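> coordinates for the following, if possible.
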Amino acid sequence: MEALPHTRGVAAPLLADYERARREFSWTRARAELDGLAGGRDLNIAHEAVDRHAAGPLANTTALRWLGRGGVRVEISYRGLAADSSRFAHVLTALGCRPGTRVASLLGRVPELYTTALGTLKHGSVFCPLFSAFGPEPVAQRLRLGAISVLVTTPRLYRRRIAAQRADLPALAHVLLVGEAEEIAALAADGAGVADLRALLAGASDSWTIPPTSPEQLALLHFTSGTTGAPKGAMHVHEAVLAHYETGKMALDLRPGDVFWCTADPGWVTGTSYGIVAPLTRGATLVVDEGDLEPDRWYRILQDEQVDVWYTAPTAIRMLMRAGAEAARGYDLSRLRLAASVGEPLDREAVRWGERALGQPIRDTWWQTETGGIMIAGLRALAVRAGAMGKPLPGVEASILRSDPEDAQGVARDADGGCVPAADDEPGMLALRLGWPSMFRGYLGDEERYRRCFADGWYLTGDLSRRDADGWFWFVGRADDMIKSSGHLIGPFEVESALLEHPAVAEAAAIGVPDAVAGQLVKALVRPASGIQPTPELARELLGFARTRLGPAVAPREVGFVAAVPKNRSGKIVRRLLRARELGLPEGDTSTLEEGA
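This next block holds a predicted model:
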């Protein structure tokens, strides 16, 4: 439990007294901070994110700063984004769409993505982001499962992902393309329901009255990555905006006028919840970079755009780490107030690297597609504990429930069937008490699967964690990734984090392999750092290194070397694929992994 220095005091944290906020916070009182629709028409995400600012003092503040390829730069004010999204709502109406229509985006980081998302929500329809690097079958699978009626994409993606499968997508009535007019015209001539989005927007009114919107009205449909089976469609409602607004304040310390950069791809839940909704509700300016990760360019963006808050992922952090902390030293990053991470656990070495390269630690955040918003975080008001997830946000009650592998839901029960809490530092199921507003309202078409997520008033996350005596939460592993060896339950992340501290290790993954005596043994698969040769001597050195740090019960018994550690598109290690390769088993569907970004 290593304590790192406090973030430099550029500004006092918005959440300054954590314990007091925990005692006094109320979602009902927090709701009063939102505007609501005029005339008692209730609550709409797009109104809170854009329209209320467009009608107020932030009207001319930049909402979206787009950095396109080739040096193109576009700035859109809150007033301009309100007008553009209103035009899209009119386009949906002109196409005959009614509230509840499901609209998907298959786009990269372009301005039309934000117009589509916010215009869909204004219209009262349901927005579903899709990852643009998916291959044809994963895209078609999600379009079918979601019964998507309108798709916004580019001519290139339409030709490569959709056109050949159009006949198998009967619900898909309209494809709106973003690109060169001549190219779109040629595609429109060959296929029904294909149109030029920019042309449609140009002819639409920039004024729109949002219809009455119930807080429980379906707003967002997010598909999980599908690395362990068919993708699940998590359904979220307009009331989720309350959690986006509050967590943007408490976890990310966002305030009006801040420059905010979220590097998450717009096809995933983070790209919507914290790449669009949360920062806009807080009145911040979004930096949207169309380009790929290049260390020098990323540092230049942090410097030149004067980014106040940066939200990224461990995968990106590790890529920057490979360039060395000295790569950041030629840039002025003093404006950066908060750097935070999301998507997978943040290992201790990455936190320390933030100190060296950025001048402050990188703070971890934990949440899931199903929770809709950040639940646990390393807050600015708290000194960082390297390797910890953080503490629950005010308004969120988290617990560790004792595990029971014989139970259908994986948790121990008392005589009355209630869940049994784990002791301090005992690994168990991370659970959240029901009641936060961004909790998902179901899995599309799978009510039974949804019901299995809950027990005794708790949402069962499927993540195994532990809570220390000071109330900090520490990630152990996914329940289906745990390794049981000689009676010990071992989390692969703990093993991987220890190995990553060795300078010869660039990436590491830990899996369980069968053993006649122990049941399973821990095997580590390592990608050596640049210039390091994978030798038997290095394997022995790494085994000793891990044993010193983890002890004999947890340390790996074997080290193998790999050219790459397979990950899904959100950067999480796909251990099932490694297990299959090690055991010579079928690897299953890898279509979500192989398509180039």
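> give the buried residues for stretch 87-100.
Within stretch 87-100, the residues scored as buried using 16 or more other C-beta atoms under 10 Å are Arg87, Phe88, Ala89, His90, Val91, Leu92, Leu95, Cys97. C-beta: built from backbone N, CA, C; applies to glycine.
> just the ones of the residues you listed in helices?
The helices, defined by DSSP state H, take in Arg87, Phe88, Ala89, His90, Val91, Leu92 from the buried residues of stretch 87-100.
> what is the nearest of those residues to Tyr311?
Tyr311 lies nearest to Phe88 out of these, by C-beta to C-beta, at 25.6 Å.
> give the closest residue to the closest one in space, chain neighbours not counted.
Of all residues not flanking Phe88 in the chain, Gly119 sits nearest, at 2.6 Å (C-beta to C-beta, 6 or more residues apart in numbering).
> for the one you found, helix, strand, or coil?
Look at Gly119: counting by DSSP: H, G, I helix; E, B strand; the rest coil, its state is helix.
> which residues does it contact?
For Gly119, the contacting residues are Ala46, Asp84, Ser85, Ser86, Arg87, Phe88, Ala89, Val91, Leu92, by C-beta atoms under 8 Å, 6 or more residues apart in numbering.
> contacting residues for the fifth one?
With contacts defined as C-beta under 8 Å, 6+ apart, Arg87 is in contact with Thr115, Gly119, Leu201, Ala204, Ser205, Asp206, Trp208.
> try it again at 6 Å.
Arg87 sits next to Leu201, Ala204, Asp206 when contact means C-beta atoms under 6 Å, 6 or more residues apart in numbering.
> so where's the stretch 401-550 of the chain uncertain?
Within the stretch 401-550 of the chain, the stretches with pLDDT under 70 are 479-480, 482, 484, 486-489.
> and the chain, by the same measure?
Where the chain drops to pLDDT under 70, the residues are 1-10, 225-230, 479-480, 482, 484, 486-489, 569-571, 585-597.
> change it to 50
1-9, 226-228, 588-597 (pLDDT under 50).
> show me it divided up by domain.
Domains of the chain are assigned by automatic domain parsing as 33-291, 397-479, 482-594.
> and those domains, which is most packed in?
With neighbours taken as mean count of other C-beta atoms under 10 Å, the domains of the chain reach their highest mean count in domain 33-291, at a mean of 20.
> now do that domain: distance to the chain's middle.
Taking the mean of its C-alpha atoms, domain 33-291 sits 16 Å from the chain's own mean (C-alpha atoms, centre = their mean, to the nearest Å).
> who's Gly233 bridged to?
Phe223 (DSSP bridges).
> make sure it is actually in contact with Asp446.
No: in this structure Gly233 lies outside contact range of Asp446 using C-beta atoms under 6 Å: 8.2 Å.
> who are the packing partners of the helix or strand encompassing Leu401?
Secondary structure from DSSP states H and E places Leu401 in strand 398-402. Judged by 3 or more C-beta pairs under 6 Å, 6 or more residues apart in numbering; DSSP states H and E, strand 398-402 is in contact with strand 428-433.
> partners of the strand it packs on, with directions?
For strand 428-433, pairing defined by DSSP bridges yields strand 398-402 (antiparallel), strand 458-467 (antiparallel).
> now render those as CSV, adding distance to Arg318.
Compiled in CSV, the strands paired with strand 428-433 are given as follows (distance: least, C-beta to C-beta, whole Å):
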stretch, distance to Arg318
strand 398-402, 27
strand 458-467, 21
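> do you know which of these lies nearest Leu64?
Among the strands paired with strand 428-433, strand 458-467 sits nearest to Leu64 (C-beta to C-beta), with 32.8 Å.
> contact partners of that closest one?
By C-beta under 6 Å, 6+ apart, the surrounding residues in contact with strand 458-467 are 400, 409, 425, 427, 429-432, 453, 473-477, 479.
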